[in-house]
Structure formats: C-alpha cells, structure tokens
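A.B. asks: can you look at this prediction? I've put the sequence above it.
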Amino acid sequence: MLKAIILAGGRGKRLRPITDYIPKPLVPIKNIPIIEWQIKYLKKFGIDEIIICTGYKQDIIEHYLNIKNIGIKIKFSVEKSPLGTGGAIKKAAKLINEKSFFVINGDTITNIDLKELAKKQNSLASIELRTNFGILETNNDKITKFREKKEIVGVWMNAGIYHLDKEILRDLPDKGDIEKTVFPNYAKKGKLSTVKFKNVRWYSIDSFKDMEECALEIEKIIK
C-alpha cells in the first residue's frame with residue numbers, strides 16, 4: 001500500500017468569486033468537489049492513506065471531509081503560511097513511514113495510471129503539451145487548414161503527479177517550490193525520471209472554462 005499527498009493549500013484566485021467563499025479543493029465539478037474526485041482516483045490505485053496539505057480556509061476542507069464517508073484514512077498537514085510545493089511536501093511527508101509516496105496537485109483531474117508511475121523512483125508523470133489555441137497549417141504563407149487546440153507531438157509537460165523516494169526530503173526546502181528547487185537540481189544530476197503518458201485525460205482546474213470542459217468528461221475519467 002502507498003500513501004499520497006494532495007497539495008491543496010492554494011487560494012485559487014483565478015476562480016474568484018467562488019474561492020472567496022470556499023477553498024479551491026471544494027469547487028464542484030458535476031456537484032462533487034475536486035478533492036473528492038481526487039480521492040476516488042487515488043483509491044482506485046490502492047492508496048490507503050492520504051495527507052492533505054491545507055492552508056487557505058483549511059477548516060472548511062476538514063469539516064467537509066470529516067462529515068463525508070470517504071472510506072479512506074485522511075490526515076491533514078496545515079500550513080500557517082504558504083510553504084510552496086516543496087515546503088508543503090517536506091512537512092506532510094513527516095507523517096509517512098513508507099519508502100516512497102505519491103504527490104498530486106490539488107487542482108489536477110486525470111486518469112493517469114499510478115501503477116506505471118510507481119515503477120520509477122523520483123519520477124514525474126508527463127503528458128504531451130497541449131495548446132489552448134487554434135492551430136494554423138500553412139504553405140508558403142498561405143493558410144491551408146485550421147485545427148482546433150491539440151496535443152503538440154513530442155513536447156512533454158509536467159502533469160503535476162509525482163512518485164518520490166522519501167530520501168528526497170533532505171533536499172527539499174522548508175519554503176519554496178519543488179519544481180523550481182529540487183527538480184532542476186536532480187535533473188542536472190540525472191536523478192529525476194519521467195513516465196510519459198499518451199492519450200490520457202488530464203485537466204488542471206484553473207478557470208471556469210476548465211471546470212466546464214472537465215465536467216463533460218469527469219465521469220469517463222474517474223469511474
């Protein structure tokens with residue numbers, strides 16, 4: 001059994017005014033909060049305990065999950081002030097005894113296979129980069145075809161899901177983002193891997209448009 005950390009401490013400013021009243025993890029997709037969809041996703045892969053990193057309106061998140069019958073052990077790692085993703089992971093992972101654990105960003109909805117990610121230590125899931133804009137195909141400055149937004153083949157982006165060895169904690173900052181501190185350093189030293197996922201569903205809920213698009217697919221993503 002593996003543990004997972006959900007990074008759920010952000011303010012979700014792009015989803016205001018909703019997030020003036022409720023924290024981003026409780027923003028509903030098809031009437032179910034983002035964090036509840038994430039818990040369902042993690043349970044599918046045998047996660048038996050989740051540590052939720054909270055900060056902004058953390059009492060509302062705790063109250064909601066405490067009254068729900070989630071069916072999984074949940075602990076909370078509360079940040080009195082923002083620690084960044086690296087600091088949040090470092091603090092939360094003190095509650096984990098296993099040699100490795102998963103981390104997922106608190107606004108990520110996906111069907112990425114965690115069993116595949118678990119095969120590599122200190123690895124991040126990557127998906128092909130997607131453009132949010134229409135694509136033009138041209139020939140000698142003449143437009144030949146319009147395409148809607150699509151994946152850009154061969155260019156990979158961080159999907160916001162990690163499988164980390166607990167030894168990484170000694171290198172994490174007390175405050176700061178893992179993506180800007182440890183990951184670049186590990187990459188230079190050849191200590192960071194990726195597992196590439198093609199043809200997966202993946203949403204980062206950063207806008208009302210993201211909410212709308214994810215709502216159309218959510219029941220296919222997390223069954």
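C.D. replies: Looks like it came in fine.
A.B. asks: mind listing the strands the biggest strand by length in the chain pairs with, and their directions?
C.D. replies: The strand spanning the most residues in the chain, taking DSSP state E as the definition, is strand 151-165. Strand 151-165 sits in its sheet next to strand 100-105 (antiparallel), strand 123-130 (antiparallel), going by DSSP bridges.
A.B. asks: show me the contacts for the closest residue to I168 other than its chain neighbours.
C.D. replies: Nearest in space to I168, with sequence neighbours left out and distances taken as C-beta to C-beta, 6 or more residues apart in numbering, is N122 at 6.1 Å. Using the backbone N, CA and C atoms, a C-beta is placed for each residue, glycine as well. By C-beta atoms under 8 Å, 6 or more residues apart in numbering, the residues touching N122 are 163-165, 168, 186, 191-193.
A.B. asks: this protein: helices as residue ranges?
C.D. replies: 18-21, 34-44, 58-67, 84-92, 114-117, 182-188, 208-221 (DSSP state H).
A.B. asks: most tightly packed of those helices?
C.D. replies: Most buried of these, by mean neighbour count (mean count of other C-beta atoms under 10 Å): helix 84-92, with a mean of 24.
A.B. asks: hey, C-alpha coordinates of that helix in CSV?
C.D. replies: What follows is helix 84-92, C-alpha atoms only, in CSV (Å, rounded to 0.1, in the frame of the first residue of the first chain):
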residue,chain,number,x,y,z
GLY,A,84,5.3,26.3,-1.6
THR,A,85,5.1,22.8,-3.0
GLY,A,86,8.5,21.8,-1.8
GLY,A,87,7.9,23.0,1.8
ALA,A,88,4.4,21.5,1.8
ILE,A,89,5.7,18.1,0.7
LYS,A,90,8.5,18.2,3.3
LYS,A,91,6.1,19.0,6.1
ALA,A,92,3.5,16.5,5.1
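A.B. asks: surely D171 touches N185?
C.D. replies: Yes. The criterion here is C-beta atoms under 8 Å, and D171 meets it with N185 at 7.3 Å.
A.B. asks: many thanks, have a good one.
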